[in-house]
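**Q** After the sequence you'll find the predicted model.
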Amino acid sequence: MKIVMMARNPDLYSHRRLKEAAEALGHELVTVNTLRCYMNIASRRPEMYYNGEKLTGFDAVIPRIGASITFYGLAVLRQFEMMGVYPLNESVAIGRSRDKLRSTQLLARDGIGLPVTTFAHDPKMTEEVLRTAGGAPVVIKLLEGTQGIGVVLADTERSAKSVIEAFRGANVNILVQEFIKEAGGTDIRALVVGGKVIAAMKRTGAEGEFRSNLHRGGSAAAIKISPEERSTAIRAAKSMGLNVCGVDMLRSNHGPVVMEVNSSPGLEGVEKATGIDVAGKIITFLAKNAEVGKTKTKGRG
Ligand SMILES: Nc1ncnc2c1ncn2[C@@H]1O[C@H](COP(=O)(O)OP(=O)(O)OP(=O)(O)O)[C@@H](O)[C@H]1O
Ligand SMILES: [Mg+2]
Ligand SMILES: [Mg+2]
């Protein structure tokens, strides 16, 4: 199989591992810098170019689109889809997962456990929004944050109001969420590949930090998850339409609640914590499923 991986930095752990795993399984993997791909959006014969050469003959594409280049990255991926290249995750599904409001609505529609989550446009609604979220403490999140940046815990009504006003004043969209205190600064990341949980870890925030992100100094360890957590992760992946994703959950006293679904999960934390060859399982899934022209949406939807 001939695979193209869209990634800006081929030296990142995850990208190195995917290439190694592909080669170990006898496939060819070419990494292209997403921002240097350019396309000819011609009717019926879509083309992709890279460094002056036409990219052809690929069976599958692995999109590793950083949050800061979602717009262009998804356009490049759609182009590959139009060319009939099988995407590890479809552009439409990635687009859904990048927007916390949209993805939370999709998960809610499918009855998946969530923290109480509220959203309003008008800052005049602040008091009602806070009341609906159950009152302080609440978690306030930028709609398109990542690595825990833009996630704020407001302990009191007063601080919640000023944080909401500050974000709204800066004209950014936010979610206001019930704070799951009983999670104790620990979350669960379940890696779903092809409808199965293949690895799971728990991440615990640094001392005095409610955010468990590894980028914020959290630490990771392997964990055995419950059947309910497993099925929640699988259902979340399905409702987003992602073949491969990291589902982040909190253990609340009303069962597992999903915080978000990441479409380009990092492999370093989870492989090192669990010793599982996640990259190999991803490539194996791809080899089993990639067929030219099999992509359902061709970037539509
Ligand atoms: N409602 C909540 N209750 C308790 N803790 C929360 C809540 N929401 C988020 N957290 C904590 O904050 C962390 C960051 O939140 P979240 O995952 O939503 O943000 P992010 O910036 O998108 O991070 P990521 O890099 O994982 O995409 C979570 O991993 C979790 O530990
Ligand atoms: Mg996120
Ligand atoms: Mg997260």
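**A** Sure, I can see it. Ligands and ions are numbered 1, 2, ... in the order given.
**Q** For L74, what is the enclosing helix or strand?
**A** helix 70-82 (DSSP states H and E).
**Q** Which residues belonging to that helix are considered buried?
**A** Neighbour counts over helix 70-82 (16 or more other C-beta atoms under 10 Å) mark T70, G73, L74, A75, V76, L77, R78, Q79, F80, E81, M82 as buried. Where C-beta positions appear, they are placed from N, C-alpha and C, glycine not excepted.
**Q** tell me which parts of the protein are close to ligand 2?
**A** T146, E260 (C-beta under 5 Å from the ion).
**Q** Near ligand 1, which residues of the chain are found?
**A** With C-beta under 6 Å from any ligand atom as the criterion, the chain meets ligand 1 at residues 115, 139, 141, 145-149, 151, 177-180, 183, 187, 210-213, 248, 250, 259-260, 262.
**Q** just the buried members of those residues?
**A** Applying 16+ other C-beta under 10 Å to those flags 115, 139, 141, 145-146, 148, 151, 177-180, 183, 187, 210-213, 248, 250, 259-260, 262 as buried.
**Q** taking the residues you listed one by one, which sit in strands?
**A** V139, K141, V151, Q177, E178, D187, D248, L250, M259, E260, N262 (DSSP state E).
**Q** The fifth one pairs with what?
**A** It stands for E178. Beta bridges link E178 to V138, judged by DSSP bridges.
**Q** wouldn't it be in contact with V138 here?
**A** Yes. Contact criterion C-beta atoms under 8 Å: E178 and V138 qualify, at 6.8 Å.
**Q** got the contact list for the residue lying closest to G255 once chain neighbours are set aside?
**A** Excluding the flanking residues, the one nearest G255 by C-beta to C-beta, 6 or more residues apart in numbering is G113, at 5.2 Å. By C-beta atoms under 8 Å, 6 or more residues apart in numbering, the residues touching G113 are T232, S252, H254, G255, P256, V257, V258.
**Q** Out of those, which end up buried?
**A** The buried subset of those (16+ other C-beta under 10 Å) comprises T232, S252, P256, V257, V258.
**Q** Could you identify the most distant pair in the residues you listed?
**A** T232 and S252 (11.3 Å; C-beta to C-beta).
**Q** quick one: stretch 24-39 to chain centroid distance?
**A** Distance of stretch 24-39 from its chain centroid, counting by C-alpha atoms, centre = their mean, to the nearest Å, is 20 Å.
**Q** buried residues in it?
**A** Residues of stretch 24-39 classed as buried: H27, L29, T31, V32, T34, C37, M39 (neighbour count, 16+ other C-beta under 10 Å).
**Q** what's the spacing between the residue nearest to the fourth one when sequence neighbours are not counted and ligand 2?
**A** Take V32 and drop its neighbours on the chain: the residue closest to it by C-beta to C-beta, 6+ apart is Y50, 5.0 Å away. Noted for Y50: a distance of 29 Å to ligand 2, by C-beta to the ion, to the nearest Å.
**Q** Across the sheet, point out what pairs with Y50.
**A** C37, E53.
**Q** Can you name the two of the buried residues of helix 70-82 that sit furthest apart?
**A** Every pair of those checked by C-beta to C-beta; the farthest is T70 and M82, at 18.4 Å.
**Q** circling back to that earlier point, what's the farthest-apart pair in the buried residues of stretch 24-39?
**A** H27 and M39 (24.1 Å).
**Q** Hmm, I62 is touching V85, no?
**A** No. With contact defined as C-beta under 8 Å, I62 does not count as touching V85 (10.3 Å).
**Q** any residues in contact with both of these two?
**A** V4.
**Q** Which pLDDT does the model give A222?
**A** Listed pLDDT for A222 reads 97.
**Q** which non-adjacent residue is nearest it?
**A** A222 sits nearest to T274 (C-beta to C-beta, 6+ apart), 4.4 Å away.
**Q** Can you spell out the domain ranges of the protein, please?
**A** Domain segmentation of the chain under automatic domain parsing yields 2-89+285-289, 96-113+182-262, 117-179.
**Q** per-stretch mean pLDDT over the ones you listed, give me the minimum one.
**A** Minimum mean pLDDT among the domains of the chain: domain 117-179, a mean of 88.
**Q** so how far does that one reach from one end to the other?
**A** 10 Å (C-alpha to C-alpha, to the nearest Å).
**Q** ok, now which ones touch whichever residue of the stretch 151-300 of the chain sits closest to ligand 2?
**A** Of all residues in the stretch 151-300 of the chain, E260 sits closest to ligand 2, at 4.7 Å by C-beta to the ion. Applying C-beta under 8 Å, 6+ apart to E260 gives the contacts S97, K100, S103, D248.
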